[in-house]
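A.B. asks: Here's a sequence, model it:
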Amino acid sequence: MAAQPHAVFKSHVYRIPALFHERESETLLAFAEQRRTAADSTAEKLVMKTGKLREDSPGVKTVEWSDFKPVKEAKIEGHRSMNPCPVYEENNKMLFLFFICVEGTVEERWQIQNCTNKARLCYITSEDLGQSWSNVTDLTDSLEEIKNWATFAVGPGHGLQMKGGRLIVPVYFYPSNCNSFCCCIKSCCTSPHALALYSDDCGDHWQFGKMLPTESIECEMAEFFDEGDKSFIYCNARSQGGNRVEAVSDSNGRDFNVTGPSTLVETGKGCQGSVISFPAQSEDANTKSDQSQNKNKWLLFTHPSDKCRRIDLGVYLNKSPQDPKAWSKPWIINYGPSGYSDLVYIDHGWFVCLMERGEKTETEQIACVVFSYDHIKRGIGE
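C.D. replies: Residues are numbered from 1 along each chain as shown. Model (predicted):
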């Protein structure tokens, strides 16, 4: 069986997990927000830990984590830092940590209702896997689209680098569609949309793609290949209830087409979920060939599996990424309160998930669990 969830961030209130795995050094980096309370307006700073995988017994792996470390460079004076979103540029071995900086304690709802953006799009970089960081780069004023937004955020979770080199950061935004009636009644007259922020020059310059054509909120993206090795970008986004939003891009994330009604259940009024792509695995239990060099063909998704409450974090498998009906039933990796999560694939059929969880509420701790494709197969009953 898979290892049980092990607390990574606890004691304080921590939310919004983000995870990165560097394959050459086999290093994991976990990021989160430290807050005074569970409320978004009380976010204080971004924090991180470094992890190394270890095998406790045959078929059971866990992560040994370093001491807690605040990411002091991820800050703008007078703002709170939120939504960590790492993306790695492999050619230059440069880790980008994207995040937003929100003025004071201004809430997202206030920005939407007043059509007044108080968020800034920022990143810092590291060439030594988070041991040291650059100063903050603020992209807000260099991207014209943001001037027409009521507010926005990156991720949260991880970004990606395509096989062709393009860096992609998932983003969602609320257009600034205020009129006098909206402002008088303080109601939301705008709907959110997900889109990609991307760079084709190793992160020197960034631009936005086109928004998803349907309402969509927090999202993650993954690159997958069809049987002819054509590349696609898959987007899985939060909705405001009912079912998830799934979309696919054949233009490297410049624009997306919604793939049809999703069979993936959304929880209550919505919750963030994580998605990754990974190489198709051998179905022969006796085959132990290394498939880490194969192109990514399948998708894995984590999200609370209940229709109403943030409970019972499920792992879902899809072997046909362009088919929204191809998702498996969920394998539950955390029973009870479960919230946001982030996934990485660490080769040889193994995965790590960082998740919000607790005994009474999902905001009691951020924990980690390690599992394999064999665990998934057994969990979903294949």
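A.B. asks: The host helix or strand of residue 277 pairs with which strands, and in what direction?
C.D. replies: If you go by DSSP states H and E, residue 277 is part of strand 274-279. Partners of strand 274-279 in the sheet, by DSSP bridges, are strand 296-304 (antiparallel).
A.B. asks: which residues of the stretch 251-382 of the chain fall in strands?
C.D. replies: Along the stretch 251-382 of the chain, counting by DSSP state E, counting those that start in this stretch, strands occupy 257-258, 274-279, 296-304, 311-318, 331-345, 350-357, 365-372.
A.B. asks: And the contacts of the strand holding residue 277?
C.D. replies: For strand 274-279, the external contacting residues (CB atoms under 8 Å, 6 or more residues apart in numbering) are 157-158, 220-224, 234, 236, 291-303, 321, 341-345, 351, 353. Backbone N, C-alpha and C define where each C-beta goes, glycine included.
A.B. asks: Quick one: buried ones out of those residues?
C.D. replies: Neighbour counting with 16 or more other CB atoms under 10 Å marks 157-158, 220-224, 234, 236, 291, 296-303, 321, 341-345, 351, 353 as buried within the contacts of strand 274-279.
A.B. asks: neighbours around residue 240, how many?
C.D. replies: 14 (other CB atoms under 10 Å).
A.B. asks: From residue 310, how far off is it?
C.D. replies: As judged by CB to CB, to the nearest Å, residue 240 and residue 310 stand 15 Å apart.
A.B. asks: in the stretch 201-350 of the chain, which ranges drop under the pLDDT threshold?
C.D. replies: 284-293 (pLDDT under 70).
A.B. asks: Residue 120: which element?
C.D. replies: Judged by DSSP H and E, residue 120 forms part of strand 119-126.
A.B. asks: Return the list of strands paired to that strand, each annotated with direction.
C.D. replies: According to DSSP bridges, strand 119-126 has the following sheet partners: strand 94-103 (antiparallel), strand 137-138 (antiparallel).
A.B. asks: between those, which gets nearest to residue 201?
C.D. replies: With distances scored as CB to CB, the stretch of those nearest to residue 201 is strand 94-103 (12.1 Å).
A.B. asks: List the buried residues of the helix or strand following the closest one.
C.D. replies: Note on strand 94-103: by DSSP H and E, the next helix or strand toward the C-terminus is helix 108-114. Buried residues in helix 108-114, defined by neighbour count with 16+ other CB under 10 Å: 108, 111, 112, 113, 114.
A.B. asks: ok, what's across the strand from the residue nearest to the second one when sequence neighbours are not counted?
C.D. replies: Right, the one you point to is residue 111. Once flanking residues are discounted, residue 111 sits nearest to residue 151: 3.8 Å by CB to CB, 6 or more residues apart in numbering. Taking DSSP bridges as the rule, residue 151 bridges to residue 174.
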